[in-house]
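after the sequence you'll find the predicted model.
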Amino acid sequence: MNKRTLWALTLAAALMVFLAIPSVASADSGQTWTLSGVITDDDATASGSFNYNAVTGLYSDINVVTLAGFALPGATYTVVDDGDFSPDDLVIMANNSYAAGTPVLVMEFESNLTSAGGVVGLFALEGYCNAGCTEFEGDEGRLLEGAVISPEPSSLLLLGTGLLGLAPLRRKLIAR
């Protein structure tokens, strides 16, 4: 491999990392948050992700799955409840129906989610709607605890600068 080819590959790798770093403008489109280590009180797990836009306070792209445990069969959640909730709460449903028996998951975050990312603790309750979905129905339900995490842009910046820092080493390797 000649010097120009190696230089071009190094530069291309560094540019790809820097272009992957979200800009200030992209923060307005929201930050993807991923469930991590979320365990229910009946030994089931929850996984998935959602976007949160800290500027508008809106949630989108919901894709959260709970697996079957001892108490509940589990469900796939894709719909944000359009009710009134604060930035540290997220109410998601399995479908657009407000009919009795619709699976619902209410997540409460230990601190507000931001566009900057990070790790935030999570406490949630999964159950079923009553008619009109104004509250949980019966005694069914299970608790979930864990965290939601989001990659921090600073880690991508660190990787990119590390790649650029390898450029002088590249010259030494070619000289051999």
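Here it is on my side, so go on. Residues are numbered from 1 along each chain as shown.

tell me the SS of residue 4?
At residue 4 the chain is in helix, as set by DSSP: H, G, I helix; E, B strand; the rest coil.

for residue 10, see how far away it is.
11 Å (CB to CB, to the nearest Å). For glycine as for every other residue, the C-beta is placed from the backbone atoms N, C-alpha and C.

ok, the closest residue to residue 110 other than its chain neighbours - how many residues close by?
Excluding the flanking residues, the one nearest residue 110 by CB to CB, 6 or more residues apart in numbering is residue 121, at 3.6 Å. Residues near residue 121, counting by other CB atoms under 10 Å, number 12.

ok, residue 4 and residue 10, which is more surrounded?
residue 10 (16 against 8).

output the below-cut-off pLDDT ranges for this structure.
Filtered on pLDDT under 70, the chain yields the residue ranges 1, 6-9, 11-29, 82-88, 137-140, 151-176.

apply 80 and report the result again.
Where the chain drops to pLDDT under 80, the residues are 1-30, 81-89, 96-97, 115-117, 132-144, 150-176.

which residues in it form strands?
Assigned by DSSP state E, the strands in the chain fall at 31-40, 45-53, 58-66, 75-77, 79-80, 89-93, 103-109, 118-128, 142-150.

as TSV, the ones you listed with distance to residue 136 would be great.
Listed next are these as TSV, based on distance: least, CB to CB, whole Å:
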stretch	distance to residue 136
strand 31-40	15
strand 45-53	17
strand 58-66	15
strand 75-77	14
strand 79-80	17
strand 89-93	11
strand 103-109	7
strand 118-128	4
strand 142-150	11
